[in-house]
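Visitor: Predicted model and sequence below, questions to follow.
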Amino acid sequence: MSAESPESWQHHLKSLDKKDLSSYPKRQRVYVPVYSHIYTDDRDRVLNLAETLSVRNTDDVNPLIITSVSYRSNTGKLIRDYVTKPIILDPMAAADFVVRLDDTSGGSGASFTVDFQSAETLNPPLIEAVMISTGSGKNLSFVTRAIAIPPSKAGSATTKDTTAPDAKPAVESETKETAKP
């Protein structure tokens, strides 16, 4: 299942022809936990969440090429691919990928995997997901961060990581809840 291509509504994003990927030999893959809903009181009461995956190129010189953004359910089943052609993410730019509030297909254990490439060793990109729900007297939002995992392409697992060699992958989250006025 395909989603609307991000460059169709984020006009700063440009596609790259797949034949030009050989100019960007350094590969990396990350996993980002997300939640299409969370349980509120028990397993029968859930709160739906809108999900926004944000990929931010923190390098101020080199572009990052996003080759794949896959959204999966809590069973690991592929729900949709957001990238049909590689996307160039310019230095210091960001790209967003959105799952609507009413799309609960991912479940409470949904995830994104993001594959990207570069020509040079980059500053590690910042890849986070923001989940938000408003209504029912409360606003709820929280953030999760990506962790590095081995690239999925055959033979690429031995390719040098594009992130800093001493960077330690971690999942971090923040929660903010505010009452509606």
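Guide: On my side now, so go ahead. Numbering: from 1, shown residues only.
Visitor: Next, count neighbours for the residue nearest to residue 126 when sequence neighbours are not counted.
Guide: Excluding the flanking residues, the one nearest residue 126 by CB to CB, 6 or more residues apart in numbering is residue 56, at 4.3 Å. Just so you know, the C-beta spots here come from the backbone N, C-alpha and C atoms, and that holds for glycine as well. A count of neighbours around residue 56, defined by other CB atoms under 10 Å, yields 16.
Visitor: And for residue 99, the neighbour number?
Guide: 26.
Visitor: where's it relative to residue 132, distance?
Guide: To residue 132, residue 99 is 11 Å away according to CB to CB, to the nearest Å.
Visitor: Now the residue nearest to residue 126. Its backbone dihedrals?
Guide: phi -120, psi 120 (degrees, to the nearest 10).
Visitor: Pull the contacting residues for it.
Guide: By CB atoms under 8 Å, 6 or more residues apart in numbering, the contact set of residue 56 is 93-94, 125-128.
Visitor: Let's see which of the residues you listed end up in strands.
Guide: If you go by DSSP state E, these have 94, 126-128 in strands.
Visitor: Would you mind giving the secondary structure of the residue nearest to the spatial centre of the chain?
Guide: Closest to where the C-alpha atoms of the chain average out (CA atoms, centre = their mean) is residue 53, at 4.3 Å. On the three-state scheme (DSSP: H, G, I helix; E, B strand; the rest coil), residue 53 is labelled strand.
Visitor: do you know how far it is from residue 122?
Guide: Counting by CB to CB, the gap from residue 53 to residue 122 is 19 Å.
Visitor: wait, doesn't residue 147 sit right on residue 29?
Guide: No. At 10.0 Å, residue 147 does not count as touching residue 29 under the criterion of CB atoms under 8 Å.
Visitor: Between those two, point out the one with more neighbours.
Guide: Using other CB under 10 Å, the more surrounded residue of residue 147 and residue 29 is residue 29, with 20 against 15.
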